[in-house]
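Asker: here is a sequence with its predicted model. Questions after.
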Amino acid sequence: MLFIEPRFIVFFAIVLLVHWNLRTNRQRKVWLLMASYFFYGAWDYRFLSLIIASTLIDYAVGLLLSSRDSTQWRKTFLASSLVCNLGLLFFFKYYNFFIESAVSFSATLGLPVSAGTLNIILPVGISFYTFQTLSYSIDVYRRKLEPTRSFLDLALFVGFFPQLVAGPIVRASDFLPQLKNTRNFSDVGIRSCMVLFLVGYFKKACISDNIAPIVDTYFANPAVYDSLSAWIAVLFYAIQIYCDFSGYSDMAIACAGWLGYKLCLNFDFPYFASSITDFWRRWHISLSGWLRDYLYIPLGGNRGSRIFTARNLMLTMILGGLWHGAAWNFVIWGSLHGFALMVHKWWTRRRGDRPQPTGVAQILGPILTFYWVCIAWVFFRSPDLATSLVILKSFILFKTNGTEQVGINMLWLFPCLLAAHWIVYKRYLIERLRWMADWAFAAWYSLATSLVVASIPTGYRAFIYFQF
């Protein structure tokens, strides 16, 4: 069930109507949990058992951690959570990848090995809710969070449908306190949620889905296209994945807001980042924060030598790339970002306390950052390494034997989208809408909705991050 489908609009309208007409907080939480499980079960009800199993495991682990002071016992309980949750994630997402990689590696050594893969269906959103449940157990282990005695609260935290299948990755310390008290409808920012949902809808349905066919056409056979087409396709993919994923996050935050709950910001205009470090403060913020707090810092962070810090950065980004998908393309994507972060950290140390760059140097920062991000996107999007190399040869070196062109008639979109993005970045529109009279806002919203609906392509595309 996609956010942009009419059936979701009907589903959410029913959920919203019933939710605010229930009197007690417990009734609302039970209703939202039922709605969340129905929402996920509409994709495949069989995999609800995985969500429930993860919830039961971490609920029990949380209670056990609070009942023992022994360091050894606490480590054992935490290890059980890590093994169970990561074990499920490994089996469904990485089993075939590692089997195939091991077989290929053995063959290169002249040791032919026969090992069969399994026909495994990847459960939607397993990477997201696994990280959420792990953050709960880890925070309880670190004594940064008191374990909840309410299984209902933990189950709703894990299964809350607005962000269940594609984030943002919510922390228990942020969400569980919101479940303690009854939410008041008077505290809901109806207008801001309406605008945010429409913006997200527009990003996904009108921008991402409309340019997706051009991207798909080029990446299916890049060797037959010229270098200009390579640039168009790669830039369009950068736009597509941003609009697709940030559009989902916008709609998820809006839906949660309508229900009285607050989710964390997940995107903050990442393509205007001045450096690769700044990019990761703006792109998929909930994931980068999770990797920092639960992987990079436990590895040692920047405590130690420069080589030690570089190792931690690279390991974190490689594992972050592997989190996105079970393929070597994602490992390379993560490695490219890890390398860029290492270089930027070295450059920052070398600059020391010198003033920030101005003028041309200030403009070059975002351009070079975006260029490097686009190079990395090639590996992220390509079906295999061979395709990635063909595209990079055309994108970087302008060398290609292809003569066909794709997307040339869509070049006008680039300046239009950049201008629109800049206007939203500067918050000109948001400020005007905030103080607009109700009748004027209603008229504007009706017109904007009509234009958005008229721009929707035929058919619906799944959100890109559903595969992760």
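Answerer: Arrived safely. Numbers count the residues shown, from 1 in each chain.
Asker: restrict stretch 17-34 to CA atoms and write it as CSV.
Answerer: In CSV, the C-alpha atoms belonging to stretch 17-34 read as follows (Å, rounded to 0.1, in the frame of the first residue of the first chain):
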residue,chain,number,x,y,z
LEU,A,17,-11.3,9.6,12.0
VAL,A,18,-11.4,6.7,14.4
HIS,A,19,-8.2,7.7,16.2
TRP,A,20,-9.4,11.1,17.2
ASN,A,21,-12.8,9.9,18.2
LEU,A,22,-11.4,7.4,20.7
ARG,A,23,-11.4,8.7,24.2
THR,A,24,-8.5,7.0,26.0
ASN,A,25,-4.8,6.9,25.2
ARG,A,26,-4.8,3.1,25.4
GLN,A,27,-7.7,2.8,23.0
ARG,A,28,-5.9,5.0,20.5
LYS,A,29,-2.7,3.0,20.8
VAL,A,30,-4.4,-0.3,20.3
TRP,A,31,-6.2,1.1,17.3
LEU,A,32,-2.9,2.4,15.8
LEU,A,33,-1.2,-0.9,16.3
MET,A,34,-4.0,-2.8,14.6
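Asker: and it, how far from the chain's centre?
Answerer: 28 Å (C-alpha atoms, centre = their mean, to the nearest Å).
Asker: show residues contacting it.
Answerer: For stretch 17-34, the surrounding residues in contact (C-beta atoms under 8 Å, 6 or more residues apart in numbering) are 15, 152-153, 155-156, 159-161, 179, 181-183, 185, 259. For every residue, glycine as well, the C-beta is placed using N, CA and C.
Asker: ok, now stretch 459-466?
Answerer: Residues outside stretch 459-466 that contact it (C-beta under 8 Å, 6+ apart): 2-5, 124-125, 165-167, 204, 208-209, 212, 240-241, 244-245, 248.
Asker: mind checking which of these land in helices?
Answerer: Within the contacts of stretch 459-466, residues falling in helices by DSSP state H are Asp209, Ala212, Gln240, Ile241, Asp244, Phe245, Tyr248.
Asker: in those residues, find the pair that's most separated.
Answerer: Distances among the ones in helices among the contacts of stretch 459-466 were taken as C-beta to C-beta; the most separated pair is Ala212 and Tyr248, at 14.4 Å.
Asker: the more surrounded of these two?
Answerer: Using other C-beta atoms under 10 Å, the more surrounded residue of Ala212 and Tyr248 is Tyr248, with 29 against 19.
Asker: which residues does Phe339 contact?
Answerer: Applying C-beta under 8 Å, 6+ apart to Phe339 gives the contacts Met314.
Asker: am I right that it falls within a strand?
Answerer: No - assigned with DSSP: H, G, I helix; E, B strand; the rest coil, Phe339 falls outside any strand and is helix.
Asker: for it, report the pLDDT, please.
Answerer: Looking at Phe339, its pLDDT is 95.
Asker: re earlier: quick one: which of the ones in helices among the contacts of stretch 459-466 has the most company?
Answerer: Result: Tyr248 is most packed of those (other C-beta under 10 Å), 29 neighbours.
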